[in-house]
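Asker: here is my input, please return the structure:
(one chain, ligands or ions: 1)
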Amino acid sequence: MKKPAWVVDKERARRAAAAQTVWLFGLHAVRDALLNPARDKLRLVVTKNAADKLADAIAVSGVRPEISDPRRFVAPLDSGSVHQGAALEVKPLDWGRVRDVCAPGGTEAPRVVLLDRVSDPHNVGAVLRSAEVFGARAVIAPARYSAPETGALAKTASGALERQPYLRVQNLASAMTELREMGYTLLGLAGEADLPLGVALDELRGQPVGLVLGAEGPGLRERTRATCDKLVKIPAMGTFGSLNVSNAAAVALYASVTT
Ligand SMILES: C[S@@+](CC[C@H](N)C(=O)[O-])C[C@H]1O[C@@H](n2cnc3c(N)ncnc32)[C@H](O)[C@@H]1O
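Answerer: Okay, the predicted model is just below:
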């Protein structure tokens, strides 16, 4: 059967987005990408010094490095990037579908982090790093209004971008519904909630949990709040109740794997 035009257009849009390339920079981010067999690597530009430091990873990757004069190095990057003499042009990773990546199974109680329009690449990179450290199945974010895979994000993730599934979905509420159908309880993190995170986690021992965090300024959107099972707070002792979103994610992930 012939596909309707909008399906074809969506597919074309998805293919076009997937064909876009990204410059990763910094020794950690470039090394881990070179070592990732799933990563499409297009161009490696390095100073002699960085090439020496990355020699093992370059050999494993089979990518031919272009040695650059350090003074001309900024050319392929945003001005001001702290590149440490290493830049790698890549295609974004495709981690697959929520249903496949997050399906419960095995012995551990899976954890997933959902970000509601978190747009700062440094925040998303830091969340990916914490998610990797605490063994989360995935970090899920809406494709629009959230940070895409960029060099700045990869640098903050410090290599975690290559290991931690980062799924950008068309619709966050649909992904939340899908997770709930798979048995996840969704805890919305909101500083003004009454229920402490630890109390909620106590009742969910051994069960799949999704931790839903809001954007830097506005927090959780109304629809996202309404799609959560419970709203929970990280109790604050000081006068300043609100944490940076990546710090809130790290605290919540730690609590969720130790409770
Ligand atoms: C910088 S905060 C957003 C502040 C925003 N004005 C608000 O009212 O939510 C970003 C996100 O971090 C999480 N967060 C920060 N502090 C928290 C706390 N004490 N308890 C629970 N979540 C917190 C929430 O998910 C929040 O949406």
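Asker: and what about A141, helix, strand or coil?
Answerer: Three-state assignment for A141 (DSSP: H, G, I helix; E, B strand; the rest coil): strand.
Asker: dump the residue contacts of it.
Answerer: Each residue near A141 by Cβ atoms under 8 Å, 6 or more residues apart in numbering is listed here: L114, L115, D116, R117, V118, V124, A147, Y166, L167, R168, V169, L172. C-beta coordinates here come from the backbone N, C-alpha and C atoms, glycine included.
Asker: can you redo these as TSV with distance to the ligand?
Answerer: Listed next are these as TSV, based on distance: Cβ to the nearest ligand atom, whole Å:
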residue	distance to the ligand
L114	10
L115	9
D116	7
R117	10
V118	8
V124	12
A147	14
Y166	18
L167	19
R168	19
V169	18
L172	13
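Asker: can you tell me which of these is nearest K233?
Answerer: Comparing those against K233 with Cβ to Cβ places D116 closest, at 16.2 Å.
Asker: ok, the closest one to D69 distance?
Answerer: Distance from D116 to D69, counting by Cβ to Cβ, to the nearest Å: 44 Å.
Asker: now do L253
Answerer: L253 is 43 Å from D69, by Cβ to Cβ.
Asker: more neighbours, the two?
Answerer: Taking other Cβ atoms under 10 Å, L253 and D69 do not tie; L253 has more neighbours (21 against 8).
Asker: any idea of the pLDDT on the more buried one?
Answerer: For L253, the pLDDT comes out at 98.
Asker: I'd say it and L213 touch.
Answerer: No - look at L253 against L213 with Cβ atoms under 8 Å: they stay out of range, at 10.3 Å.
Asker: any shared contact partners between the two?
Answerer: Common contacts of L253 and L213 (Cβ under 8 Å, 6+ apart): V113.
Asker: in the contacts of A141, which residue is surrounded by the most others?
Answerer: Neighbour-wise, those (other Cβ under 10 Å) top out at L114, 32 neighbours.
Asker: within the helices and strands, which one has that one?
Answerer: Under the criterion DSSP states H and E, the helix or strand holding L114 is strand 111-116.
Asker: and that strand, what other elements does it pack with?
Answerer: In terms of contacts (3 or more Cβ pairs under 8 Å, 6 or more residues apart in numbering; DSSP states H and E), strand 111-116 is packed against helix 121-133, strand 138-142, helix 172-181, strand 209-214, helix 245-258.
Asker: strand partners (parallel or antiparallel) of the second one?
Answerer: Which is strand 138-142. Here strand 138-142 is paired, per DSSP bridges, with strand 111-116 (parallel), strand 166-169 (parallel).
Asker: which one of the contacts of A141 is nearest T258?
Answerer: Using Cβ to Cβ, L114 comes nearest to T258 of these, at 20.3 Å.
Asker: who's the closest one bridged to?
Answerer: L114 has the following beta-bridge partners by DSSP bridges: I140, V212.
Asker: ok, A160 - contacts?
Answerer: G125, L128, R129, A131, E132, V133.
Asker: for the protein, just list every one of the strands.
Answerer: For the chain, the strands defined by DSSP state E cover 22-25, 41-46, 65-67, 86-90, 111-116, 138-142, 166-169, 185-189, 195-196, 209-214, 230-233.
Asker: looking at those, which is nearest to R97?
Answerer: Taking these one by one with Cβ to Cβ, strand 166-169 is closest: 7.7 Å.
Asker: near A252, how many other residues are there?
Answerer: A252 has 25 nearby residues by other Cβ under 10 Å.
Asker: oh, I was asking about L24
Answerer: Applying other Cβ under 10 Å, we find 31 residues neighbouring L24.
Asker: measure it to the ligand for me?
Answerer: For L24, the distance to the ligand (Cβ to the nearest ligand atom, to the nearest Å) stands at 26 Å.
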